[in-house]
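Student: no FASTA, just this:
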């Protein structure tokens, strides 16, 4: 690895569940992604709701949120509430439309769309 490649290295993201401690970061990313972004209070409410599942694309040892997706599970249905990707990370495949789905066999419905990191 050359000296210059270290300056331009992309952080490695992993998908992990996120909770209310990420509300401020979600507010920032959502506001940068939509004309009418949700507030921190909105995110705190959703992220503490037991019927809502949220995953974030985290890097730097879980300290950097590059994007997130939130879904609500109301059996037999599920819905994506919102998602956002950091504008600086767009175009790099972080939120690419190659989402995969996870089948929740205990409930018999498709429960969630998650990031496909490449």
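Tutor: Perfect, I can see it now. The structure presented is a predicted model; accordingly, all values stated were derived computationally and were not measured.
Student: hmm, residue 72 is touching residue 79, no?
Tutor: Yes: using Cβ atoms under 8 Å, residue 72 makes contact with residue 79 at a distance of 5.5 Å. C-beta: built from backbone N, CA, C; applies to glycine.
Student: looking only at neighbour counts, state which of the two leads.
Tutor: Set residue 72 next to residue 79 and count neighbours by other Cβ atoms under 10 Å: residue 72 wins out with 14 against 10.
Student: residue 57 pairs with what?
Tutor: residue 15, residue 67 (DSSP bridges).
Student: that one contacts residue 13, doesn't it?
Tutor: Yes: Residue 57 lies in contact with residue 13 (Cβ under 8 Å); the separation is 4.2 Å.
Student: with neighbour numbers in mind, choose between those two.
Tutor: It is residue 57, of residue 57 and residue 13, that has more neighbours when counted by other Cβ under 10 Å, with 24 against 21.
Student: residues contacting residue 19?
Tutor: Shown in contact with residue 19 (Cβ atoms under 8 Å, 6 or more residues apart in numbering): 47-48, 54.
Student: quick check: mean pLDDT across the lengthiest helix in the chain?
Tutor: Criterion DSSP state H: the longest helix present in the chain is helix 23-33. Helix 23-33 carries an average pLDDT of 95.
Student: tell me what it is packed against?
Tutor: Counting by 3 or more Cβ pairs under 8 Å, 6 or more residues apart in numbering; DSSP states H and E, the packing neighbours recorded for helix 23-33 are helix 40-47, strand 64-74, strand 77-85.
Student: skipping adjacent residues, who's closest to residue 81 in space?
Tutor: Excluding its sequence neighbours, the residue lying closest to residue 81 (Cβ to Cβ, 6 or more residues apart in numbering) is residue 70, at 4.5 Å.
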